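Trainee: starting from these lines, generate the structure:
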Amino acid sequence: MINKKIAIITGITGQDAPYLAKLLLEKNYKVIGILRESFSVNLSNLDYLGIKSKVIFETCDLSNMASVINILNKYNPDEFYNLASQSSVGLSFAKPTETLSFNINSVINILEAIRITNNKIRFYQASSSEIFGDIDTLPIKETTVFNPVSPYGISKASAHWIVVNYRKAYGLYTTSGILFNHESVLRSNDFIIKKVIKTAIDIKDGKQDILEVGNIDIKRDFGYAPNYVEAMYLMMQKEKSDDYIICSGKSVSLKEIIYYIFDYFKLDKNKIVVNEKFIRPNEIKDIYGNSSKAKQILNWNYDLDFFEVLDIIINEELKR
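Mentor: Sure, this is the predicted structure:
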């Protein structure tokens, strides 16, 4: 009998982790989902995918290395996927200290715990396109210089270099997925795409009058979360660890997306109102990446148009 591989996933209640957990369960992994606390936990995303009863839940304070060591000693995982972070760019401006502290220290604690307990554990870090910030030369590649413009971007850039350092200095298997924006029905309502869809439905149903937005002229590289977690898995299966950009390869403006959603629900675009409080101090005007390295080495392919993704998300949201 072949022993099941064991994977630990942090951030298990978020958007990406449930899709990743589902993928690993289908590949016969034993999946341990890490919670920050055992009370007031929202497991609806795992429930939606029908896997809540198949995941083993553990509480662990990632800001406490001893807590991480205890989890590693208890399960001795083959793979550790770190998807936990303060992940809102907007919130990072309001809470920079909290964002920097958790997003950096949690990564150090996990990697150091792996180094101490079992240096054969493979580690995946959820990096972000926000590490590149405001860049003149597009598309962005793995070799593009970092220029983050938000506390969130700075925290992710710092964590990224820590991951590289543990690979080169200590010989650990560490890989970072530099994911550009990716969405799904599991995204929380405070993120822009889900916020727009949810508000549009509420306007259609007469529950809300307007959609308040910030700068909608900015452009982003958007993809579909279930496809992007496949890349995470593939990164962890290579003989040699490395960092990879995961993206669609083209950008689309928020205005185009919002107008598409409003047209879908046949709503008056005069109900879209710019509110200054949603405009960030620093904003990236346009960003998109090049995922040719992932396509070549990981054999990861992505060909969805984001308006196709919007149709999927809208239809799923209406069913929910």
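Trainee: how about the helices in the chain?
Mentor: Taking DSSP state H, the helices of the chain run over residues 16-26, 44-48, 65-75, 89-94, 96-117, 151-170, 192-204, 225-235, 254-264, 292-293, 306-319.
Trainee: hang on, residue 244 packs against residue 236?
Mentor: No. With contact defined as CB atoms under 8 Å, residue 244 and residue 236 do not form a contacting pair (11.1 Å). Quick note: C-beta positions are derived from backbone N, CA and C, even for glycine.
Trainee: and the two? Which one has more around it.
Mentor: Higher neighbour count among residue 244 and residue 236: residue 244, with 24 against 19, using other CB atoms under 10 Å.
Trainee: residues near residue 281, how many?
Mentor: Look at residue 281: counted by other CB under 10 Å, it has 7 neighbours.
Trainee: show the contacting residues for it.
Mentor: Neighbour list for residue 281: residue 93 [criterion: CB atoms under 8 Å, 6 or more residues apart in numbering].
Trainee: kindly provide the distance from it to residue 195.
Mentor: Distance, residue 281 to residue 195, by CB to CB, to the nearest Å: 20 Å.
Trainee: picking up where we left off before, overlap in contacts of residue 244 and residue 236?
Mentor: residue 175.
Trainee: name whatever forms a beta bridge with the nearest residue to residue 74 once chain neighbours are set aside.
Mentor: Excluding the flanking residues, the one nearest residue 74 by CB to CB, 6 or more residues apart in numbering is residue 58, at 7.7 Å. Beta bridges link residue 58 to residue 34, judged by DSSP bridges.
Trainee: residue 58 touches residue 33, doesn't it?
Mentor: Yes. Judged on CB under 8 Å, residue 58 makes contact with residue 33 at a distance of 7.4 Å.
Trainee: when those two are compared, which one has more neighbours?
Mentor: Between residue 58 and residue 33, counted using other CB under 10 Å, the more crowded position is residue 33 (24 against 17).
Trainee: check contacts around the more buried one.
Mentor: So residue 33 contacts 9, 12-13, 17, 21, 46, 55-58 (CB under 8 Å, 6+ apart).
Trainee: which pLDDT value goes with it?
Mentor: You'll see residue 33 listed with a pLDDT of 98.
Trainee: and what of residue 87?
Mentor: Note for residue 87: predicted pLDDT of 68.
Trainee: for the one 5 residues further on, same thing?
Mentor: On pLDDT, residue 92 comes in at 78.
Trainee: ok, of the contacts of residue 33, which come out buried?
Mentor: 9, 12-13, 17, 21, 46, 55, 57-58 (16 or more other CB atoms under 10 Å).
Trainee: and the residues you listed as CSV, adding distance to residue 216 and pLDDT?
Mentor: Formatted as CSV, these follow (distance: CB to CB, whole Å; pLDDT from 0 to 100):
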residue, distance to residue 216, pLDDT
9, 33, 98
12, 32, 97
13, 29, 95
17, 29, 98
21, 33, 98
46, 32, 97
55, 37, 98
57, 38, 97
58, 41, 97
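Trainee: what would those look like in a markdown table with distance to residue 294?
Mentor: Shown next, in a markdown table, are those (distance: CB to CB, whole Å):
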| residue | distance to residue 294 |
| --- | --- |
| 9 | 20 |
| 12 | 24 |
| 13 | 27 |
| 17 | 20 |
| 21 | 21 |
| 46 | 27 |
| 55 | 27 |
| 57 | 31 |
| 58 | 31 |
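Trainee: report how many residues lie close to residue 261.
Mentor: Residue 261 has 21 nearby residues by other CB under 10 Å.
Trainee: what sits against it?
Mentor: If a contact means CB under 8 Å, 6+ apart, then residue 261 has 196-197, 200, 310, 314 as its contacts.
Trainee: try it again with 10 Å
Mentor: The neighbours of residue 261, taking CB atoms under 10 Å, 6 or more residues apart in numbering as the test, are 193, 196-197, 199-201, 211, 267, 307, 310, 313-314.
Trainee: out of those, which is nearest to residue 139?
Mentor: Distance ranking of the contacts of residue 261 against residue 139, using CB to CB, places residue 307 first at 19.9 Å.
Trainee: so the closest one touches residue 257, yeah?
Mentor: Yes. Using CB atoms under 10 Å, residue 307 is in contact with residue 257, at 8.2 Å.
Trainee: which of these two has more neighbours?
Mentor: The residue with more neighbours, out of residue 307 and residue 257, is residue 257; 22 against 14, by other CB under 10 Å.
Trainee: could you measure the more buried one against residue 263, distance?
Mentor: Distance, residue 257 to residue 263, by CB to CB: 11 Å.
Trainee: what do you get for residue 320?
Mentor: 22 Å.
Trainee: comparing the two, which shows the higher neighbour count?
Mentor: The residue with more neighbours, out of residue 320 and residue 263, is residue 263; 11 against 8, by other CB under 10 Å.
Trainee: got the contact list for that one?
Mentor: For residue 263, the contacting residues are 200, 269, by CB under 10 Å, 6+ apart.
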